[in-house]
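K.L.:
sequence and computational prediction follow.
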Amino acid sequence: MIIRPITDKDLDVLFQIAEESGPGFTSLMPNRDALARKISHSIASFERKVISPGDEHYLFVLEDESTGDILGTTGIEANAGHTRPLYHFRRNTVTHHSRDLDLRRSVETLTRCNHYTGYSEICSLYLRPEFRQANAGKLLSRVRFLFMALHPERFSHKIIAEMRGVSDTSGQSPFWNWLNTHFVDMEFGQATHLVGSGYTDFIDELMPSHPLYTCLMSPQARAVLSEVHSHTRPALRILEAEGFQHKGFIDLFDAGPTVECALADIRSVRVSSECRVRVAEPYSSMRSGYGCTSHIQNEPTLITNAGVADFRATITSEVSEQSDTLTISPALAKKLRLENGNLSRILPLIQGAPAQTQNTATELSYAY
């Protein structure tokens, strides 16, 4: 498995992924023209020289090099809300109090806002069900953190992830069904398609701007506030282990939670390290006595180069580390486009990882 930036040749499989992912996966919609524009935008973003985040969108694919199959996608929006508003509902508690009558009542409200404008957003994570395998989900999720750590000038210091909310197998969202009944005469699939296509004017025109009292909602709608789709739970557990927290902001359409974390506080950023590369056979160098203090990474390790347009990443156990020097085989160096003296970033996937994330990778099908 190897992570690389998306290219024009991936359009057909990206369209398949957009169809597979179903309603609610708004970052990838099954529209070939829109997806072609997304690919072109991503290619231009990787090639652009950046000193501060703008409208860049970085889309990666996970490829099986032996077969050429695309196993999944993962992406980063550099500056959410830069080209179109990024709306959420904020969950608040309002207290009504009558001093004369000595009566007090607290109620929860949802208020539309665009609190996260300017944050960087991780998105478009999808692992195709037929390609689920050990560490694939972890690679798709965590590689973005290493890319951001390598190129912090391209991203905000605060990162968010919008998690997919609850919907059934036919694509019906209990939360949207309540909104549809009272405010917006539009099917859930149509609403998400419009947002995925970049059209958000209807939010200002049709969706309520005044606070909504959750006590007036249907029980089905209230039950899914801040809840995630069953297929998204493993991805949420991974992010929570990374330090992401939900602070009361939910999606306008399916009420899924948005989670956030400072880039510097993300566990994979803190635990990963940068090394200079030495190209040799790690095991041979150990037997020959090279670097007597070096040790072999027997655990799965995420390893990247430090490129942008030529970024590559994979998971391997065939490396050895001595101080700040990483010894990798010529085959792995070729795969990652690394040469002697190049910079690499590495992240052990098991050592010191929270127990709750150990068995989530093979569960992950699609996420957010």
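P.N.:
Sure thing, it's come through.
K.L.:
quick one, phi psi at K9?
P.N.:
Main-chain torsions, K9, degrees, to the nearest 10: phi -70, psi -10.
K.L.:
what about the helix or strand K138 falls within, distance to the chain center?
P.N.:
If you go by DSSP states H and E, K138 is part of helix 136-150. In terms of Cα atoms, centre = their mean, to the nearest Å, the gap separating the centre of helix 136-150 from the centre of its chain is 9 Å.
K.L.:
now that helix: buried residues?
P.N.:
Within helix 136-150, the residues that count as buried by 16 or more other Cβ atoms under 10 Å are 136-150. Heads up, the C-betas are built off the backbone N, CA and C, glycines and all.
K.L.:
equivalent analysis for stretch 328-336, please.
P.N.:
Going by 16+ other Cβ under 10 Å, stretch 328-336 has these buried residues: 328-329, 332-333, 335-336.
K.L.:
K49: which of these is nearest?
P.N.:
Nearest to K49 out of these is L336 (Cβ to Cβ; 22.7 Å).
K.L.:
against L150, how distant is the closest residue to the closest one other than its chain neighbours?
P.N.:
Closest residue to L336 apart from its sequence neighbours, by Cβ to Cβ, 6 or more residues apart in numbering: R312 at 4.6 Å. According to Cβ to Cβ, to the nearest Å, R312 stands 12 Å off from L150.
K.L.:
next, show the common contact partners of these two.
P.N.:
Common contacts of R312 and L150 (Cβ atoms under 8 Å, 6 or more residues apart in numbering): T304.
K.L.:
about what we covered before: and the buried residues of stretch 328-336, which two are furthest apart?
P.N.:
S329 and L336 (10.5 Å).
K.L.:
now this structure, which segments are flagged as low pLDDT?
P.N.:
For the chain, applying pLDDT under 70 flags the ranges 22-26, 196-199, 282-298, 321, 351-368.
K.L.:
quick check: A191 vs K38, distance?
P.N.:
Taking Cβ to Cβ, one finds A191 at 19 Å from K38.
K.L.:
give me the number of residues near R32?
P.N.:
Number of residues near R32 (other Cβ atoms under 10 Å) recorded here: 12.
K.L.:
if I pick it, what's in contact with it?
P.N.:
R32 touches 11, 15, counting by Cβ under 8 Å, 6+ apart.
K.L.:
mind running it again at 6 Å?
P.N.:
With contacts taken as Cβ atoms under 6 Å, 6 or more residues apart in numbering, R32 has the following neighbours: F15.
K.L.:
next, it: phi, psi?
P.N.:
According to degrees, to the nearest 10, R32 has phi -60, psi -40.
K.L.:
and it, how far is that from N79?
P.N.:
For R32, the distance to N79 - Cβ to Cβ - is 26 Å.
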